[in-house]
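Chemist: what's the 3D shape of this:
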Amino acid sequence: MGTPRIQSQKGMATLEFAVVASMLLIMAFVIIDFGSLIQAQAVVTNISREGGSLASRDLKNGPDLLNLLAASSAPLEFETHPELYKIYIAKVDAGESAAAPDPVCTVQESGTLSGEAVVSPAMSATCDLPQNLYDLLKFDDTIQTSPLSQFTVVKVFYAHKPLTPLENLLDNSGQPLLNIDTDADNIPDAMLIGSTAIF
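Modeler: Take a look at the predicted model:
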């Protein structure tokens, strides 16, 4: 008579352990993925800020600066995975005369990441500057110059892939839960992280 009760208690304990262990595993995966996402966002933000600072002071420029920024992405390894990132450096120079009053936008880029959300500053009418800053670069007839001479815009994009199989564990529909479509054909199921710095 006591045997079925003991087996029932063992079965219940096994079931409870399975539920608790799976919850702990999911929590561990969440912590790992969000930690890596926060780290990636911090690295991308630092790259854009440092790139803007260096470019605005003309300490480095052109391919040298792009290579330096790619090399500074240590945990994300931009240098070995160009398909995962795109860096744009735009120099917006002031209008030079009444005949050419509008600012001129010159863009350099590195990395091969592409998609609808990965947009060059050159595609914007104001080279990704807020309108009030863009207006400060327009030639002013009354003072025969522009109020400012130049701005530098640095945009960095990174396709972050989850480190754990959390997305597959939580998904029952066959569609990825965390997929933010960047239209990057070679980067499926990636989360796009971006940062813009203006100097």
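
Chemist: can we go C-alpha only for contacts and neighbour counts from here?
Modeler: OK.

Chemist: what's the spatially closest residue to C127 that is not a sequence neighbour in contact with, if anything?
Modeler: Of all residues not flanking C127 in the chain, P121 sits nearest, at 4.6 Å (CA to CA, 6 or more residues apart in numbering). Shown in contact with P121 (CA atoms under 8 Å, 6 or more residues apart in numbering): 88, 90, 107, 127-128, 153, 155.

Chemist: separation between P121 and F139?
Modeler: 21 Å (CA to CA, to the nearest Å).

Chemist: and if you look at D33?
Modeler: According to CA to CA, D33 stands 49 Å off from F139.

Chemist: Have a look at the two and say which one is more surrounded.
Modeler: F139 (24 against 19; other CA atoms under 10 Å).

Chemist: Just to check, that one is in contact with S149?
Modeler: No: when contacts are counted by CA atoms under 8 Å, F139 is not listed as touching S149 (9.7 Å).

Chemist: what lines up beside the lengthiest strand in the chain in the sheet?
Modeler: For the chain, the longest strand by residue count, based on DSSP state E, is strand 150-160. With DSSP bridges as the test, strand 150-160 is paired with strand 85-93 (antiparallel), strand 191-198 (antiparallel).

Chemist: Counting neighbours, which bits of the last one end up buried?
Modeler: What that stands for is strand 191-198. 191-198 (16 or more other CA atoms under 10 Å).

Chemist: what sits against the residue nearest to L137 when sequence neighbours are not counted?
Modeler: Using CA to CA, 6+ apart and skipping the chain neighbours, the partner closest in space to L137 is A94 (4.3 Å). By CA under 8 Å, 6+ apart, the contact set of A94 is 101-104, 137-139, 146, 148-150.

Chemist: Can I get the residues you listed in a markdown table including distance to P75 and pLDDT?
Modeler: As requested, the contacts of A94 are exported to a markdown table (distance: CA to CA, whole Å; pLDDT from 0 to 100):
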| residue | distance to P75 | pLDDT |
| --- | --- | --- |
| P101 | 43 | 94 |
| D102 | 40 | 94 |
| P103 | 37 | 96 |
| V104 | 35 | 96 |
| L137 | 37 | 96 |
| K138 | 40 | 95 |
| F139 | 43 | 94 |
| S146 | 42 | 93 |
| L148 | 37 | 93 |
| S149 | 36 | 93 |
| Q150 | 32 | 93 |
